[in-house]
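[1] quick check, what structure comes out for this input:
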Amino acid sequence: MRAALFTALFVLDLATPLAMGQKKYDPGATDTEIKIGNIMPYTGAFSEYGSTGRAEAAYFQMINDRGGVNGRKIKLISLDSGSDTAKANALAHQLVEQDQVLFTAGNWGTPANLAIRSYLNDQQVPQLFVAATESVFDDPSHFPWTMGFQPTKRTEGLVYARYILENKPTGKIAILYSHDADGDEWLLGIRDGLGSKSAGMIVKEAAFEYSDADALDAQIATLKASGADVFMNLAVGRLATRAIRTAYEMGWHPLQFIPNASLSVAAFLEPAGLEKSAGIITNARSRNWLRPQSKNDPGVRAFLECMKKYNPDADIRDANNVYGYEVAETVVEVLKKCGDTLTRANVMKQAASLDLELGMLRPGVRVKTSATDYQPIKQLFLIQFDGKEWTGLGKVVGY
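    Just a heads-up that it's a prediction; the model follows:
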């Protein structure tokens, strides 16, 4: 009897490490490959943001050339939405059902991510690090398979409002915002940040539609006529460029704020006119990679080398490249943590237990998540454009 028991225990003892060492895969993962999907506006009205997807592809290719992640190469399947939200759902179905990706990462735009969120959650496919800054993407209790990445629009609005209170307390504020959830969240942050002074300081608000760019000029004329000396230009993409240029050419030169999504010098400020963009304030989280002295920073040097080798046609001044690089680096860290358990549930589990620094993030800014916190980056700092480059305005702040 004792011999039989010993034999059983011996067999169990041998079996345990074997079981623990077994590889576990969901669709999209094998011994040699990990398939990741995303949806990007490579063409259409928001095509400037397509550089984000190209930067992600460049980073993954660099990782593959170094042997991949735990011996597996990353295959990025990046689909062009044509800047059309109506295509997002079909593209998400293609990624999951036809291409059979393990998860999606970095899908661009609020409307597109909202359009596919329910489907991906129903399918239990991770929708990681979405390129959207609404707080609705930090909702693990209702959408446990969807996670944001950068500070929210509400946080942006709070920081801008508090800067105005400290530096222009008698200012008169005019706000240009999109007539959608994006604009509503920025407005909420600004009003909350101003607190009891909100009603007295905000003298005019004007909503616009991205589908009606020609109506923007009239809205800006209305804001100028209000007598405001602070302009919250809460537009993104080409409309941000147009608003900057139009305000300047109308002879209106208020203290102007733009969203982080519109900070790219190459994509947005240069087309507006660098001299017309001088003095604009926005926020950032990353190191300044354009100053010559910054090349001595190991994180900046690694970014520049990656771009030079794997994305040589990119405009290095385009901040969207930095964003894509940071997202891709975070994805790789998640995959490293997954080890040989490449299931969708484990991908989500590891994404929800991050605490790390990225090479291009400014000191004091970390990627940190938990099972109840799906907003990885919560800190930012203000920057101001001097007509040539962005310069820092203060210390890192977080909410």
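[2] which residue ranges of the stretch 1-150 of the chain form helices?
    Using DSSP state H, counting those that start in this stretch, the helices of the stretch 1-150 of the chain run over residues 2-20, 50-65, 88-93, 110-122.
[3] out of the ones you listed, point me to the one whose mean pLDDT is lowest.
    Note on those: lowest mean pLDDT is at helix 2-20, with a mean of 40.
[4] Asp182: neighbouring residues, count only.
    By other CB atoms under 10 Å, 23 other residues sit near Asp182. Just so you know, the C-beta spots here come from the backbone N, C-alpha and C atoms, and that holds for glycine as well.
[5] quick check, it in contact with Glu134.
    Yes - the criterion here is CB atoms under 8 Å, and Asp182 meets it with Glu134 at 6.9 Å.
[6] break this structure down into its domains, please.
    Listed domain ranges for the chain are 33-151+295-380, 155-284 (source: automatic domain parsing).
[7] can you pull out the low-pLDDT segments for the stretch 201-350 of the chain?
    Low-confidence regions of the stretch 201-350 of the chain, defined here as pLDDT under 70, do not occur.
[8] what are the boundaries of the strands in it?
    Here the stretch 201-350 of the chain has its strands, by DSSP state E, counting those that start in this stretch, at 202-208, 230-234, 255-257, 281-284, 341-342.
[9] adjacent strands (with direction) for the longest one?
    The reference is to strand 202-208. For strand 202-208, the paired strands and their directions (DSSP bridges) are strand 173-178 (parallel).
[10] rewinding a little: joint contacts of Asp182 and Glu134?
    Listed as contacting both Asp182 and Glu134 by CB atoms under 8 Å, 6 or more residues apart in numbering are 110, 153.
[11] can you count the residues close to His179?
    Residues near His179, counting by other CB under 10 Å: 13.
[12] actually Thr110, not the one I wrote
    22.
[13] my guess is it contacts Ala132. True?
    Yes - with contacts counted by CB under 8 Å, Thr110 reaches Ala132, the gap being 4.2 Å.
[14] picking up where we left off before, so which of the strands of the stretch 201-350 of the chain comes closest to Leu102?
    With CB to CB, the closest approach to Leu102 among the strands of the stretch 201-350 of the chain belongs to strand 341-342: 6.4 Å.
[15] buried sites along stretch 46-59?
    Neighbour counts over stretch 46-59 (16 or more other CB atoms under 10 Å) mark 46-59 as buried.
[16] oh, I was asking about stretch 239-258
    Within stretch 239-258, the residues that count as buried by 16+ other CB under 10 Å are 239-248, 252, 254-258.
[17] and which of the residues you listed is nearest to Ala86?
    Leu239 (19.6 Å).
[18] measure the closest one to Thr32 for me?
    Going from Leu239 to Thr32 by CB to CB, to the nearest Å gives 44 Å.
[19] and Glu275, by the same measure?
    Relative to Thr32, Glu275 is positioned 53 Å away (CB to CB).
[20] quick revisit: export the domains of the chain to JSON lines and tack on distance to Thr391?
    Output for the domains of the chain, formatted as JSON lines (distance: least, CB to CB, whole Å):
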{"stretch": "domain 33-151+295-380", "distance to Thr391": "13"}
{"stretch": "domain 155-284", "distance to Thr391": "10"}
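[21] out of those, nearest to Val396?
    Closest approach to Val396 among those (CB to CB): domain 33-151+295-380, 4.0 Å.
[22] endpoints of that closest one, how far apart?
    One end of domain 33-151+295-380 sits 35 Å from the other (CA to CA, to the nearest Å).
[23] roughly how far is it from the heart of the chain?
    8 Å (CA atoms, centre = their mean, to the nearest Å).
[24] quick check: chain neighbours aside, which residue is closest to Thr372?
    Nearest residue to Thr372, sequence neighbours excluded (CB to CB, 6 or more residues apart in numbering): Pro140, at 6.2 Å.
[25] could you measure the one you found against Gly148, distance?
    11 Å.
[26] so what sits against both of these two?
    Residues touching both Pro140 and Gly148 (CB under 8 Å, 6+ apart) are Tyr374.
[27] if we can go back for a sec, now tabulate the strands of the stretch 201-350 of the chain in JSON lines and tack on distance to Ile175.
    Listed next are the strands of the stretch 201-350 of the chain as JSON lines, based on distance: least, CB to CB, whole Å:
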{"stretch": "strand 202-208", "distance to Ile175": "5"}
{"stretch": "strand 230-234", "distance to Ile175": "4"}
{"stretch": "strand 255-257", "distance to Ile175": "10"}
{"stretch": "strand 281-284", "distance to Ile175": "14"}
{"stretch": "strand 341-342", "distance to Ile175": "46"}
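[28] just name the most buried of those strands.
    Most buried of the strands of the stretch 201-350 of the chain, by mean neighbour count (mean count of other CB atoms under 10 Å): strand 230-234, with a mean of 25.
[29] quick one, what contacts Val96?
    Residues in contact with Val96 (CB under 8 Å, 6+ apart) are 37, 119-120, 123, 125.
[30] Gln98: which of those residues is nearest?
    Among those, Gly37 lies closest to Gln98 (CB to CB), at 10.2 Å.
[31] specify the beta-bridge partners of the closest one.
    Note on Gly37: beta-bridge partners by DSSP bridges are Ile77, Thr104.
[32] run through the bridge partners of the closest residue to Leu393 other than its chain neighbours.
    Leaving aside its chain neighbours, Leu393 sits nearest to Leu382 (4.1 Å; criterion: CB to CB, 6+ apart). Using DSSP bridges, the bridge partners assigned to Leu382 are Asn283.
[33] of the domains of the chain, which is nearest Glu389?
    Each of the domains of the chain was scored for nearness to Glu389 using CB to CB, and the closest is domain 155-284 (7.3 Å).
[34] figure out how far that closest one is from the centre of its chain.
    In terms of CA atoms, centre = their mean, the centre of domain 155-284 is set 20 Å apart from its chain centre.
[35] if anything else comes up later, I'll come back, but that's it for now.
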